[in-house]
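[1] Here is a sequence with its predicted model. Questions after.
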Amino acid sequence: MIYQIRVSGHLDAGWAEWFENLTISNQEGGVALLTGYLQDQAALQGVLKRISDLGLALISVNAVSEEKGYAYDPQIHDDDPKPHPPA
């Protein structure tokens, strides 16, 4: 499943090793978007626990697609609360 996880605050490149399977993109308003494929609920819970352990404020978690090869572009879908798979 492809997930989008938003946390409060911008994250620099040094955070990438903490979230190895997720792409980090900093957005306006001091929000970081972590996007990527997580194999199952256990993997999702692991990421959420890591966010909590690091003291990051969780804003939202969204399941975007079940397709591992899904091409997600946060610039296209960021304002759309219900992202759509590519045509």
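    Arrived safely, thanks for sending.
[2] so which helix or strand takes in the most centrally placed residue in the chain?
    Nearest to the mean C-alpha position of the chain, by CA atoms, centre = their mean, lies residue 34 at 2.6 Å. Per DSSP states H and E, residue 34 falls inside strand 31-37.
[3] just residue 44 next, same as before
    Going by DSSP H and E, residue 44 is part of helix 41-53.
[4] Just the residues contacting that helix, thanks.
    Identification of contacts with helix 41-53 by CB atoms under 8 Å, 6 or more residues apart in numbering yields 1, 3, 5, 7, 18, 19, 21, 22, 34, 38, 58, 61. Where C-beta positions appear, they are placed from N, C-alpha and C, glycine not excepted.
[5] before we move on, back to that, got the angle for the strand holding residue 34 vs helix 41-53?
    For strand 31-37 against helix 41-53, the angle by axes from the mean of the first three to the mean of the last three CA atoms, to 10 degrees is 160 degrees.
[6] mind listing the strands for the chain?
    In the chain, the strands defined using DSSP state E lie at 2-8, 23-27, 31-37, 58-65.
[7] what's the span of stretch 24-39 from first residue to last?
    Its start and end residues considered, stretch 24-39 measures 18 Å (CA to CA, to the nearest Å).
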